[in-house]
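[1] Let's see this in three dimensions:
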Amino acid sequence: MKRILAFTLIICALLSFASCGSETVSPAGNVPDEPDVPSTDTDPVQTGVPDDFSFYMIWGVYGISSYYSDTGKLTKTTDTIDGNVDKFVAYVKPDKETTERFYKLLTALDLDSYPAKEYDPGCGYSAPSARLVLSYTADGETHTVETIGHINCDYSKSDNEKGQAFLDAVKEIEKYLTSTPEWEALPDYELLYE
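    Numbers count the residues shown, from 1 in each chain. Got it, this is the predicted structure:
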């Protein structure tokens with residue numbers, strides 16, 4: 001009997017010793033959660049929009065319209081009879097979903113793969129001509145493309161895929177901005193070009 005008792009005590013001692021390095025049981029009998037370990041997996045897909053994301057765009061005949069998302073300033077035209085541009089200014093802030101859509105649209109373009117200045121999107125020439133500037137900032141870096149000064153005003157069709165992607169991005173943002181109630185409430189253009 002003493003041998004069985006001694007054997008049982010030894011087994012209990014060994015089991016207690018062996019469990020020292022394993023999980024501890026709380027008084028309630030629950031096993032505590034394992035500590036958080038940083039994941040080594042990298043997700044190549046950007047989820048969400050960086051805090052510093054902003055963009056601006058200039059478009060139209062001679063580049064008379066502009067939008068700056070960081071301030072929300074939307075300018076319909078800089079060409080006025082009396083020089084008072086303020087009457088053609090409104091403020092628009094896209095909602096979260098629209099901002100995310102524009103972020104994905106702009107980053108998918110890879111603006112750094114375009115010439116930064118005097119880019120020809122391949123949509124032909126016209127007089128009067130259009131000027132386009134498309135720029136965004138994200139993760140501390142700014143990316144900008146500016147067209148040559150004499151591209152076709154309607155910039156509707158490019159002769160190459162890369163140029164068309166650029167023009168499509170400009171058109172999508174322009175369509176959104178010019179369909180806002182703020183834009184529609186602005187006065188009509190005072191000067192027209194033929």
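
[2] For the residue nearest the centre of the chain, which non-adjacent residue is closest in space?
    Geometric centre of the chain, nearest residue: Y103, 1.9 Å, by Cα atoms, centre = their mean. Excluding the flanking residues, the one nearest Y103 by Cβ to Cβ, 6 or more residues apart in numbering is V49, at 4.6 Å. Placement of C-beta: from N, CA and C, glycine included.

[3] wait, is that neighbour part of a strand?
    No. Per DSSP: H, G, I helix; E, B strand; the rest coil, V49 lies outside any strand segment and is coil.

[4] quick one on the thing from earlier: could you list every residue that touches the residue nearest to the centre of the chain?
    Remark: with contacts taken as Cβ atoms under 8 Å, 6 or more residues apart in numbering, Y103 is in contact with V49, P50, F53, Y136, A138.

[5] Would you pull up how far stretch 107-120 lies from the middle of the chain?
    Computed by Cα atoms, centre = their mean, to the nearest Å, the chain-centroid distance of stretch 107-120 equals 16 Å.

[6] Sorry, wrong one. I was asking about stretch 161-179.
    Remark: stretch 161-179 is offset 15 Å from the chain centroid, using Cα atoms, centre = their mean.

[7] What residues of it count as buried?
    Within stretch 161-179, the residues that count as buried by 16 or more other Cβ atoms under 10 Å are G163, Q164, A165, F166, L167, A169, V170, I173, E174, Y176, L177, T178.

[8] And the strands in the chain, which stretches?
    Along the chain, counting by DSSP state E, strands occupy 54-59, 65-68, 73-75, 89-91, 125-130, 133-138, 141-146, 151.

[9] Sweet, I'm off.
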